[in-house]
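1. Mind looking at a prediction? Sequence and model below.
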Amino acid sequence: MIKKVSIEISEVWGHGAMLLFSLCVSVSYILGAMVANDIEPGAITAARFLIGAIVMGTLLFISKNLKKEDFKKPLRFFVLGPTIVIYFVLMFEALKTASSLSLAVVFTLTPFIALFFEYFLKKKVTLKGLIAISLGAIGAIWVIFEGNLENLLAFKIGYGELLFFWGCVGHALYAILIPILNKGENAASQTLGTLSAGFLILILIFNNDVFETNWLSLSPLIWITIIYLATIATAFTFFLIQFAAKRISASKVMAYTYAVPFWVALGEIVINSRFPNSNIIFGGLIIAFALLMLISDNTKAKMEKLSRG
C-alpha cells in the first residue's frame, strides 16, 4: 500500500511539473515572436544557454550539490545537447515567418513523435495511449491545415511550420534520451551538463552569429526575452522536463505540449486582443480530450501493475 501511494504521489509531481512547463514554454513563444526578426537564432540560443548554465551552476554550488562525479562521462551531454539545440534554433528561425500560435500547435505533435521513438526502442505502449496520442495529432493537424481537406491533400503548410516540425523531432528525441543517459545524477546536474554542451556546440556552429552580434545595442525587449529564456524557459524548464521524465513516460511528458496552444492563445487575447478562430478552438478541444486520456492511462496502468505484484 505504501509503495502504491509513493508511486502515485511521484506521478502527481511529474504531471504538475509538466503543467508548469507548458505555461513557461508558451510565454517563450510569445516573446520569441516579438524579437525573432531582430536577432539571429544561433546568437539568442547561445546567450540563453550560457546564462542558463551560469544560473544552474550557481544554484547547484549554493545548495552544495555540484559534484564532480556527476560529470565524469561528459560525452553523453554532447548527445543530449544537439537534440535540444536543434529545437531552439529552428524555433526562432520558424518564428520569422510563422505565428507563435501556429508553432505552438505544431509543438503538440511531439508526443506522437516520442511515441514512435518509444515503440522503436521496444518500450510498452498501450492501445489507449496510442489512441490518445493519435487524437492529439489529429487535433494539431486540423489546426495546421485550417480544417481544410484540400490543404491537407496538397500538404499546404508554411515554411516556418515545416521547419519547426524538425525542431520538434529533436525535442521528442531529447525527452527519450534523458532517462537513458542519466547516470544517477540529479536533474539539475544533468541540465547543467546539457546546457554547457549545447553552448559549446552553438559556438562552433554559429560563431559568426554570436560574435558579430552587437550585444550592447540590443533593445530592452530583446534582453528581457533573453533573460526570460535563459532563466525560466531554459534552466527552469530543463529541470522540470528532466524531473518529470524520471516519474512518467516520455510520451506522457510530451503530452503536456497539448496545453501550450491554450496558453499561447490566452496570451494573444490578453496582449493583442486577438481571439482564436473556430478551427483552433475545435482542434484544441480534440487535443484537450486526448491529454486527459493520456494522463489517466499512465497512472492506471502503473497502479494495476503494482497490484499484481
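-> Thanks, I have the structure now. Numbers count the residues shown, from 1 in each chain.
2. Just give me how far the strand or helix carrying Pro111 sits from the chain centre.
-> In this structure, Pro111 is located in helix 110-120 according to DSSP states H and E. Its chain's average C-alpha position is 14 Å from that of helix 110-120, according to C-alpha atoms, centre = their mean, to the nearest Å.
3. what's the following helix or strand after that helix?
-> Per DSSP H and E, the helix or strand that comes after helix 110-120 is helix 127-144.
4. For that following helix, buried residues please.
-> Under the neighbour-count criterion of 16 or more other C-beta atoms under 10 Å, helix 127-144 has 129-130, 132-133, 135-137, 139-144 buried. C-beta coordinates here come from the backbone N, C-alpha and C atoms, glycine included.
5. Any stretches of this protein with poor pLDDT?
-> 1-8, 119-125, 143-144, 146, 151-156, 250-251, 254, 273-274, 276, 294-309 (pLDDT under 70).
6. Quick check: closest non-adjacent residue to Ile286.
-> Of all residues not flanking Ile286 in the chain, Gly139 sits nearest, at 3.3 Å (C-beta to C-beta, 6 or more residues apart in numbering).
7. Confirm for me that the one you found is in contact with Ala290.
-> Yes - Gly139 is in contact with Ala290 according to C-beta atoms under 8 Å; the separation is 6.5 Å.
8. any shared contact partners between these two?
-> Tyr258 (C-beta atoms under 8 Å, 6 or more residues apart in numbering).
9. Leu195: neighbouring residues, count only.
-> 28 (other C-beta atoms under 10 Å).
10. can you give me the strands in the stretch 201-309 of the chain?
-> Taking DSSP state E, counting those that start in this stretch as the test, none of the stretch 201-309 of the chain falls into strands.
11. Could you pull up phi and psi at Leu218?
-> Backbone dihedrals for Leu218, given as degrees, to the nearest 10, come out at phi -70, psi 150.
12. Looks like it contacts Ala43 (just checking).
-> No - look at Leu218 against Ala43 with C-beta under 8 Å: they stay out of range, at 9.7 Å.
13. Find the centremost residue of this structure, please.
-> Compute the mean C-alpha point of the chain, and by C-alpha atoms, centre = their mean the closest residue is His171, 5.9 Å away.
14. What residues of stretch 59-74 count as buried?
-> Within stretch 59-74, the residues scored as buried using 16+ other C-beta under 10 Å are Leu59, Leu60, Leu66, Asp70, Phe71.
15. residues touching the fourth one, list them.
-> Asp70 makes contact with Lys183, Glu185, Asn186, Ser189, Gln190, Gly193 under the criterion C-beta under 8 Å, 6+ apart.
16. To what extent is Asn214 buried, counted in neighbours?
-> 6.
17. And the one 5 residues further on, by the same measure?
-> Neighbours of Ser219 under the rule other C-beta under 10 Å: 12.
18. Quick check: chain neighbours aside, which residue is closest to it?
-> Among residues not flanking Ser219 along the chain, Asp38 sits closest, at 6.9 Å (C-beta to C-beta, 6+ apart).
19. Go ahead and measure how far the helix or strand harbouring Met18 is from the middle of the chain.
-> Met18 is part of helix 2-35 when elements are defined by DSSP H and E. Distance, stretch centre to chain centre, for helix 2-35: 10 Å (C-alpha atoms, centre = their mean).
20. do the same with stretch 255-263
-> 10 Å.
21. Find the residue closest to Val169 in space, skipping its chain neighbours.
-> Per C-beta to C-beta, 6+ apart, closest to Val169 is Ile113, 5.6 Å.
22. Pick out whichever of the buried residues of stretch 59-74 sits closest to Asn208.
-> Nearest to Asn208, judged by C-beta to C-beta, of the buried residues of stretch 59-74 is Phe71 at 29.3 Å.
23. wouldn't that closest one be in contact with Gly193 here?
-> Yes - between Phe71 and Gly193 there is a contact under C-beta under 8 Å: 5.8 Å.
24. what sits in contact with each of those two?
-> Phe77.
25. returning to what we had before: which of Leu218 and Ala43 has more neighbours?
-> Ala43 (22 against 18).
26. How much space separates that one from Leu177?
-> 26 Å (C-beta to C-beta, to the nearest Å).
27. cool, Ser102 as well?
-> 27 Å.
28. who's more crowded, the two?
-> Each of Ser102 and Leu177 has its neighbours counted (other C-beta under 10 Å); Ser102 has more, 24 against 19.
29. separation between that one and Thr110?
-> From Ser102 over to Thr110 (counting by C-beta to C-beta), the distance is 15 Å.
30. Quickly note the distance from the residue nearest to Ile248 when sequence neighbours are not counted to Gly184.
-> Excluding the flanking residues, the one nearest Ile248 by C-beta to C-beta, 6+ apart is Gly14, at 4.2 Å. Per C-beta to C-beta, Gly14 is found 18 Å from Gly184.
31. The two: who's more crowded?
-> Gly14 (23 against 8).
32. if I pick the more buried one, what's in contact with it?
-> Contact analysis of Gly14 by C-beta under 8 Å, 6+ apart lists Phe243, Ala244, Lys246, Arg247, Ile248, Lys252, Val253.
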